[in-house]
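Undergrad: compute the structure for the input listed below.
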Amino acid sequence: MSASCSRWSALLLGLFAPLALLTLFAPAPATPAPQPPGGTLTGRFVLDDKAPAGKPLVKKGDNRVRDAGCCARADIPDETLVVDEKTGGIANVCVFLPEVKRALPSAKMPADLKAEVRGCRLRPHLLLVPEDGVVQCKNADNCAHAVSVQAVDSGVSVQKVLPAGRTDSFPVGRKPMFPFLIVRCPIHPWMKAYWVVVDNPYAAITDAEGRFTIGRLPSGEHTLRAWQERAGWLERGRKFKVEARRATDLGVIRVPLARFEQ
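TA: From the prediction side, this is the model:
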């Protein structure tokens, strides 16, 4: 090797050797701190008697109702009390934990903010919506509807006309003191649903068999509330404890029929 090449090699080695040492002894990338583990709450609401036979709000083929060609193509059931015939489970009970102020990072707010008018019914009957959320409501019928969203305790309301096939957005705003917004169609007065405004991710709607699950709960003592549209408050202050990585099962919560007949 020539003297000139040797000098260049030495110069390059002198330049890059410190960089190599810095890379060798550089601190490893910081790993994110593990999230605190959460617990799970489960339970089931059951009617403690046989459910009364409900009458449809609109009977199939009733030509007296407005837009009968759209709205009387099938029976429209009364959804103020929906009970599973086999299990007695009560559907559409809203269960929530309003006193949890700090949610775990892994807990997510409701994200599927979609509603629909189909068969002259508002669906779903209960919808969880975060504060300041915007619900996209679609009219899937071939007749026009008007969708009115009203807060019971403030009188604030939003109303829009939805022609057939139209989708429009409905901003919810801040959580009112009474978090159940009434959704109606002034054109077809039997139509009613509820949007439940929540300020934390710890809420659920019971399924067809009355079951609910709320996950990723912080450890400690919490307070459960449960509401059903015909009976009102089924639970207002039930205390329970949650442990990390464990499920707390409240079991079967039986509700007497008299609660729904008041």
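Undergrad: tally of neighbours for Phe178?
TA: Phe178 has 12 neighbours, counted by other CB atoms under 10 Å. In short, each C-beta sits where N, CA and C put it, glycine included.
Undergrad: check contacts around it.
TA: 151-153 (CB atoms under 8 Å, 6 or more residues apart in numbering).
Undergrad: what about the longest strand belonging to the chain, distance to the chain center?
TA: Longest strand of the chain, by residue count under DSSP state E: strand 232-242. In terms of CA atoms, centre = their mean, to the nearest Å, the centre of strand 232-242 is found 18 Å from the chain centre.
Undergrad: other SSEs contacting it?
TA: Applying 3 or more CB pairs under 8 Å, 6 or more residues apart in numbering; DSSP states H and E, one finds that strand 232-242 contacts strand 39-47, strand 220-228, strand 247-255.
Undergrad: ok, back up a step: from the contacts of Phe178, which is closest to Arg44?
TA: Among these, Val152 lies closest to Arg44 (CB to CB), at 27.8 Å.
Undergrad: nearest spatial neighbour of the closest one, skipping sequence neighbours?
TA: Leaving aside its chain neighbours, Val152 sits nearest to Phe178 (5.0 Å; criterion: CB to CB, 6 or more residues apart in numbering).
Undergrad: one more: Asn63?
TA: Looking at Asn63 with CB to CB, 6+ apart, the closest residue is Ala72, at 6.8 Å.
Undergrad: ok, now how distant is the one you found from Gly119?
TA: 10 Å (CB to CB, to the nearest Å).
Undergrad: and these two? Which one has more around it.
TA: Taking other CB under 10 Å, Ala72 and Gly119 do not tie; Ala72 has more neighbours (20 against 16).
Undergrad: hmm, back to that, my guess is the residue nearest to Asn63 contacts Arg66, does it?
TA: No. Using CB atoms under 8 Å, Ala72 makes no contact with Arg66, being 9.6 Å away.
Undergrad: which one of the helices and strands packed on strand 232-242 lies nearest to Asp207?
TA: strand 39-47 (9.3 Å).
Undergrad: got the angle for the closest one vs strand 220-228?
TA: 30 degrees (axes from the mean of the first three to the mean of the last three CA atoms, to 10 degrees).
Undergrad: buried residues, strand 39-47. List them.
TA: Across strand 39-47, burial judged by 16 or more other CB atoms under 10 Å covers 39-41, 43-47.
Undergrad: okay, that strand in CSV with CA atoms only?
TA: This file holds the C-alpha atoms of strand 39-47, laid out as CSV (Å, rounded to 0.1, in the frame of the first residue of the first chain):
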residue,chain,number,x,y,z
GLY,A,39,-60.3,-5.6,35.8
THR,A,40,-63.7,-6.6,34.3
LEU,A,41,-67.3,-6.2,35.5
THR,A,42,-70.0,-8.5,34.4
GLY,A,43,-73.7,-9.1,35.3
ARG,A,44,-77.1,-9.8,34.0
PHE,A,45,-80.5,-8.2,34.5
VAL,A,46,-83.5,-10.6,34.6
LEU,A,47,-87.2,-10.0,35.0
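Undergrad: which pLDDT does the model give Arg7?
TA: pLDDT for Arg7: 54.
Undergrad: for Ala193, list the residues it contacts.
TA: Counting by CB under 8 Å, 6+ apart, Ala193 makes contact with 115, 122-127, 183.
Undergrad: surely it is within a helix?
TA: No. Secondary structure assignment (DSSP: H, G, I helix; E, B strand; the rest coil) places Ala193 in strand, not in a helix.
Undergrad: tell me the bridge partners for it.
TA: Val183 (DSSP bridges).
Undergrad: how far away is it from Ser106?
TA: Distance, Ala193 to Ser106, using CB to CB: 30 Å.
Undergrad: thinking again about what came up before, Throw the contacts of Ala193 into a markdown table and include distance to Cys94 and pLDDT, thanks.
TA: Putting the contacts of Ala193 into a markdown table (distance: CB to CB, whole Å; pLDDT from 0 to 100) gives the following:
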| residue | distance to Cys94 | pLDDT |
| --- | --- | --- |
| Ala115 | 16 | 98 |
| Leu122 | 16 | 98 |
| Arg123 | 16 | 98 |
| Pro124 | 12 | 98 |
| His125 | 11 | 98 |
| Leu126 | 6 | 98 |
| Leu127 | 10 | 98 |
| Val183 | 14 | 97 |
